[in-house]
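Participant: Quick one: sequence plus predicted model below, questions after.
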Amino acid sequence: MKKKVTQFNYLTQTERIRLARKSYSILKRNHSIIREHSCAKVMNSLFLVSPKVFRINPSSIFIANNLKINHEEKVLDLGTGIGFLAILAAKKASKVIATDINPHAIVIAKKNAELHHVSSKIEFRLGDLFEPLDNGEIFDVIIWTPPWLEMEPKSILEKAWASANISLMIERFFQGVNFHLKKEGRIEMIFSNLGPLKILLNHIRLNNFKILTVSKMRTRIEKEEIVFFRLSKESGK
Ligand SMILES: C[S@@+](CC[C@H](N)C(=O)[O-])C[C@H]1O[C@@H](n2cnc3c(N)ncnc32)[C@H](O)[C@@H]1O
C-alpha cells in the first residue's frame, strides 16, 4: 500500500517575515485591549485573563479540540499561559504539572485552577521549558504551545509568541522530551508555517518520533496554517 504523505504549506523566507510582522501586530493589539481583573468565556467556561498573559486565541481552542488525554495519565503542560489546557487536561489526568516563563501567567493560572476546582490536581511552576522539573519526573503526555514568530520579544508577554531563536528552542524542547517523556508517551503540540516548520519536522524525524495525527487550521492571516501534531515513538498510541 502507498504511504500517505502529509502536505504542508511551506512559505518562502520573505513571506514568513512579512506575515510574521502582521501576526505580531495583531497579537500585540489584541492584548492591549484586555483589562486587568477581567474574564473571558471560552468553550462555555469563564477564565480570568490579564493584559500581561497570553490570552486564549483560536489556536488554543484548536489544540483543545484535538487534545487527547486518557484517564490517570500524568501530563506536562509547557507554556500554560492562563492555565487553559492544564485545566482541561486535569479533568482526566491523575496529575498535571504546568510551567511558564512568565510569572504573571503562573499567578493567574493558579487562580483559574481554583475557579475550576482542579487545584489539587495541578502544580504550577515558574521557569524556562523543562528547567522547573526534577531529573526523575516523567510524563505520559507533554503538551506544547510554543511561540513561533522569529523576532526579539520586547516584554515577558511577547515571549508568548516571539523568540529570537525558535530553532534553538525546538532543539532544547526535544532534548528535554528525551529526559521527561515516557518511552511510549505522546507529544500533543501546535506549530505554524509562520515559524520554521521544516526545522520542527526535521527534529521530529531525528528524534525518532512518528506523526500519529496531523490536523490543520487556517487563520485570519492569509497563507497561515496552524498544524496540530500528535507524536509518539510508538505507532499504536
Ligand atoms: C502561545 S502561548 C500559549 C498559552 C496557552 N498554552 C494557550 O494555549 O492558550 C505560549 C506560552 O508559553 C510561554 N513560554 C514561552 N517561552 C517559554 C519558555 N521558554 N519556557 C516556558 N514557557 C514559555 C509563554 O509565556 C506563553 O504563556
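Facilitator: The structure has been received and is ready for your questions.
Participant: so how far is L231 from the closest residue to S94 other than its chain neighbours?
Facilitator: Spatial nearest neighbour of S94, chain neighbours left out: E72 (4.4 Å); criterion: C-beta to C-beta, 6 or more residues apart in numbering. Any C-beta I mention is one placed from the backbone N, CA and C, and that applies to glycine too. Separation of E72 from L231 (C-beta to C-beta, to the nearest Å): 21 Å.
Participant: So these two - more neighbours on which side?
Facilitator: L231 (22 against 10; other C-beta atoms under 10 Å).
Participant: The helix or strand the more buried one falls within and the ligand in contact?
Facilitator: Under the criterion of DSSP states H and E, L231 resides in strand 225-232. No: figure legend: strand 225-232 not in contact with the ligand (C-beta under 6 Å from any ligand atom); closest approach 10.7 Å.
Participant: swap in stretch 119-128?
Facilitator: Yes: taking C-beta under 6 Å from any ligand atom as the criterion, stretch 119-128 and the ligand are in contact, through D128.
Participant: Not counting its own residues, what contacts that stretch?
Facilitator: The list of residues contacting stretch 119-128 from outside it, by C-beta atoms under 8 Å, 6 or more residues apart in numbering, reads 80, 83, 86-87, 90, 93-101, 103, 106, 109-110, 113, 132-133.
Participant: how far does the host helix or strand of N30 sit from the chain's center?
Facilitator: In this assignment (DSSP H and E), N30 forms part of helix 13-32. Chain-centre distance of helix 13-32: 18 Å, with C-alpha atoms, centre = their mean, to the nearest Å.
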